[in-house]
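[1] with the sequence up front, the predicted model follows.
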Amino acid sequence: MKKRLFLLLSLILVLGLLAGCSSKAPAEEGEAGAAAGDGIKIGVNYEKSGEVATYGQASIDGIQMAIDEINAAGGVLGQQVELLIQDNKSDPGEAYSIATKLMTQEGVVACLGPATSGSFKATIPAATQNQVPIISASATADKEVTTDKDGNVNEYVFRLCFNDSFQGVTMANFALNNLKAKSAVIYQDQSSDYAIGLAENFKKTFTEAGGTIVAEAAFVAKDKDFKATLTGFKDKKFDVIFLPGYYSEAGLVIKQARELGISAPILGADGFDSPVLKELAGPQALNNVYFSNHYSSLDQDPAVIKFIEDFKAKFGTEPNAFHALGYDLGKYIVDAVARAGAADAQKVTEALASTVDFKGITGTFSMGEDHNPIKSIVVIGLENGDQKTTVRVDP
Amino acid sequence: MDQFLQQMINAVSLGSIYALIALGYTMVYGIIKLINFAHGDVYMIGAYIGFAATTYFHLGFFVALILAMTICSILGVVIERVAYKPLRNSTRIAALITAIGVSLLLEYVMMFFVGAEVRSYPPLLSDKLIQLGPVQIGVQQIYIILISVALMVLLQFIVHRTRTGKAMRAVSTDADAAQLMGIRVDRTISYTFAIGSAFAGAAGVLVGIYYNSIDPLMGIMPGLKAFVAAVFGGIGSIPGAMIGGLSIGLLETLVSGYGNSMYRDAVVFAFLILILIIKPTGLLGKNIREKV
């Protein structure tokens, strides 16, 4: 009897889980926007579900907003732009098959996305094989994105964000020039390539300019207690702490450092860009904290102000960096199609590679020879957890 | 020297938390010879109960703490009744694998309901620092240490001065003989799970406030380290778990403070291997020969 009850209960549990899953399964959005027909087709291969769904959805919102504006103004080359939005479920394998499908079956002129470096890299073989360009607005990994492992440029791969190591260089220059720092402590996340690359480049730039690194220590993702290491820093003399890592650990490090009475400026990179940072560290700890980013909502550029207003009117929230990068990506691909003069993947690729002074929300850039953009970077300063100051650092 | 004293304060607050979790491991092992790997996840559930109580119901610190302890003790009893009791007479390995299964079940059911992202507690306790001569101690650290000490004193009282405690000691010495003497073994085992899980729940809330960051997989590492602490102190021994917890806290702090923080976890687990080789019964463990 008991066994039967147990079986029944487990069955109910399993069914419950299944029902939960299916109700959450993402609805395939399919073709959005303009009517089918002779429109210019652009593939959108992003993470609408899975671990990094917030990145993917924000990028899509930005792209959609840009394309809606273009279509409302008459489209490009006399045609409407049609977005084919697909969900790669934050899975590199899925991203590859979607890219292949969009290129071979739908005949897109270009594929946008995915948002993260891992998935974006997975779609490179599809682009090379089908000779259709792929562009990501947020794949910032240093190695093997726009170039292969021997350093040769991947002809059909582009991005319009700077790479990770460039942020390390910028923050070192910011510490030296803006904060007049002469000595620094590096406390890095040893479990991500992102943070390791940032730390290497910060160290190189900082020491070459005459600064000294007085201490180096590391942590790994999911650590919670940093007090012992931070107490070790306390007795040393230093001007700044460089903390490359993501917000989930950085927030705790900042909180515990301030609790121990360490008041030196803390510098980081775009991994700090999340509202969760403020929740974890608490607003009073987030003073004298600076991080580099692609875009700042405090930018006084009229184009940025208009973008923020339009975005708020459409979505009811403040745009973040992914929204801004997505918006730039939408505008950028259409600009390339217009310059190519035809909806032809090869001509669009050439137009992308020869971009000069494209004006976007995240800065004006030209496409470098290695298919990385040459663009300025924004350093944001926090006061009581809010973004208060911005400095634009040119390349 | 000042820095050393400061590190000792860090070590004691970290060690108290390990000790609270280690107590649950050691009590359960003492009574049914099972390493309850789901214990770290009960600690995680405790942290989430405290989070829900303070964030959504705006309850105060002590109410949230007691609520988390109560719900965790019920959860501990339910886990024991559903997952371990049917296996009481099967092989030890079957029970151990079930414990790992329960652990994964709790982690991923929780992830399904609350999502994988990190959450933070609302500010509950003052984060002021008190200057004690050359060192600083946070109000939150004082709370952690005092509550841990209070709970441990309470546990010693329960085990040595109450009928339930007497029954627990009897069952732990010889379950069959205890049953023949009229002790209700099942009920005593449930009490043990309830008390151990309540302690884990308390540790969960304290950690949630102290580190201000909780997630569904937060129980894995502290759970394993508390297990090391329990083994070090002598698994089955309650004072051993306290000493073990504080020692592991001290060891971790010294490694990250004076050595390289990257080796912290490696040192803790190397320590486990050393204990198992040199003194498998731990510091205060009794050397009992297996009865055949």
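    Arrived safely, thanks for sending. Numbers count the residues shown, from 1 in each chain, chains lettered A, B, ... in the order given.

[2] in the chain, which residue is most central in space?
    Just going to use chain A. The C-alpha lying nearest the average C-alpha coordinate of chain A belongs to A:S138 (Cα atoms, centre = their mean; 3.5 Å).

[3] is it true that that residue touches A:G56?
    No. Here A:S138 lies out of contact with A:G56, judged by Cβ atoms under 8 Å, at a distance of 9.5 Å. All C-beta atoms are positioned from the backbone trio N, CA, C, and that covers glycine.

[4] helices of chain B, start to end?
    B:2-32, B:39-55, B:61-79, B:92-114, B:139-161, B:163-173, B:175-180, B:185-211, B:220-233, B:238-258, B:264-278 (DSSP state H).

[5] separation between the residue nearest to A:D335 when sequence neighbours are not counted and A:I67?
    Distances taken as Cβ to Cβ, 6 or more residues apart in numbering or on different chains put A:F358 closest to A:D335, at 6.3 Å, once the chain neighbours are dropped. Taking Cβ to Cβ, to the nearest Å as the measure, A:F358 falls 16 Å from A:I67.

[6] ok, those two, which is more surrounded?
    Neighbour tally, A:F358 and A:I67, criterion other Cβ atoms under 10 Å in any protein chain shown: the higher count belongs to A:I67, 26 against 20.

[7] can you tell me the helix or strand for that one?
    In this structure, A:I67 sits in helix A:53-72 according to DSSP states H and E.

[8] how about that helix and chain B, touching?
    No. Using Cβ under 8 Å from any Cβ of the partner chain, helix A:53-72 stays clear of chain B, with a minimum separation of 9.2 Å.

[9] what is that helix packed up against?
    Using 3 or more Cβ pairs under 8 Å, 6 or more residues apart in numbering or on different chains; DSSP states H and E as the contact definition, the elements that helix A:53-72 packs against are strand A:30-33, strand A:40-46, strand A:81-87, helix A:302-315, helix A:321-340.

[10] of these, which approaches B:T173 most closely?
    Nearest to B:T173 among these is strand A:81-87; the distance by Cβ to Cβ comes to 59.8 Å.

[11] what sits against the closest residue to chain B within the stretch 101-250 of chain A?
    Using Cβ to the nearest Cβ, the point where the stretch 101-250 of chain A gets nearest to chain B is A:A228, with a distance of 3.9 Å. When contacts are counted by Cβ atoms under 8 Å, 6 or more residues apart in numbering or on different chains, A:A228 touches B:7, B:10-11, B:252-257, B:261.

[12] model confidence score at B:E80, please.
    Among the per-residue scores, B:E80 shows a pLDDT of 95.

[13] I'd guessed it sits against B:Y191; true?
    No. Look at B:E80 against B:Y191 with Cβ under 8 Å: they stay out of range, at 10.2 Å.

[14] which non-adjacent residue is nearest A:S366?
    Nearest one to A:S366, counting by Cβ to Cβ, 6+ apart, is A:V356 at 4.8 Å.

[15] mind checking the SS state of the one you found?
    Assigned by DSSP: H, G, I helix; E, B strand; the rest coil, the conformation of A:V356 is coil.

[16] A:T364 is in contact with that one, correct?
    No. Proximity of A:V356 to A:T364 does not meet the contact threshold set by Cβ under 8 Å, at 9.9 Å.

[17] of these two, who's got more company?
    Neighbour totals were compared for A:V356 and A:T364, and A:T364 leads with 15 against 8 (other Cβ under 10 Å).

[18] wait, a strand at that one?
    Yes. Counting by three-state DSSP, A:T364 is found in a strand.

[19] that one bridge partners, please.
    Taking DSSP bridges as the rule, A:T364 bridges to A:K359.

[20] check contacts around the residue nearest to the centre of chain A.
    A:55, A:59, A:115-116, A:161, A:294, A:321-322, A:325.

[21] now with 6 Å?
    Shown here is A:S138, whose contacts under the criterion Cβ atoms under 6 Å, 6 or more residues apart in numbering or on different chains are A:115, A:161, A:325.

[22] ok, A:A72 next?
    Under the criterion of Cβ under 6 Å, 6+ apart, A:A72 has no neighbours.

[23] chain B versus that one, what's the distance?
    Distance, A:A72 to chain B, by Cβ to the nearest Cβ, to the nearest Å: 36 Å.

[24] which one is residue 65 nearest to, not counting chain neighbours?
    All of this is about chain A. A:Y327 (5.7 Å).

[25] let me rephrase: I mean chain B.
    The shortest distance from B:L65 to any residue other than its chain neighbours is 5.1 Å, reached at B:V205 (Cβ to Cβ, 6+ apart).

[26] what about that neighbour, how many neighbours?
    The burial count assigned to B:V205 is 31, neighbours taken as other Cβ under 10 Å.

[27] gap between it and B:A52?
    As judged by Cβ to Cβ, B:V205 and B:A52 stand 11 Å apart.

[28] residues near A:A338, how many?
    Residue neighbour count, defined by other Cβ under 10 Å, stands at 14 for A:A338.

[29] cool, B:A270 as well?
    Using other Cβ under 10 Å, the number of residues around B:A270 comes to 11.

[30] now swap in A:I308 and tell me
    18.

[31] identify the residues contacting it.
    Taking Cβ under 6 Å, 6+ apart as the definition of contact, the neighbours of A:I308 are A:S297.

[32] around chain A, pick out the residues from chain B.
    B:3, B:6-7, B:10, B:14, B:118, B:120, B:138, B:211-213, B:253, B:256-257, B:261-262 (Cβ under 6 Å from any Cβ of the partner chain).

[33] pull the most distant pair out of those.
    Checked with Cβ to Cβ, the residues of chain B next to chain A reach their widest spread between B:Q3 and B:V118, with 29.9 Å between them.

[34] so for these two, which residue has more residues nearby?
    Taking neighbours as other Cβ under 10 Å, B:Q3 and B:V118 compare with B:V118 leading, 22 against 15.

[35] quick check on that one: phi, psi?
    With angles defined as degrees, to the nearest 10, B:V118 shows backbone torsions of phi -70, psi 140.

[36] so what's it up against?
    Under the criterion of Cβ under 6 Å, 6+ apart, the contact list for B:V118 reads A:248, B:213, B:215.

[37] and the nearest residue to B:A53 once chain neighbours are set aside, how many neighbours?
    Counting by Cβ to Cβ, 6+ apart, B:A53 lies nearest to B:A64, which is 4.0 Å off, once chain neighbours are set aside. A count of neighbours around B:A64, defined by other Cβ under 10 Å, yields 25.

[38] ok, A:E350 next?
    When neighbours are defined as other Cβ under 10 Å, A:E350 has 14 of them.

[39] burial of residue 167, as a residue count?
    No chain in the question, so chain A it is. A count of neighbours around A:Q167, defined by other Cβ under 10 Å, yields 27.

[40] to clarify, I was referring to chain B.
    As a burial measure, B:A167 scores 22 neighbours (other Cβ under 10 Å).
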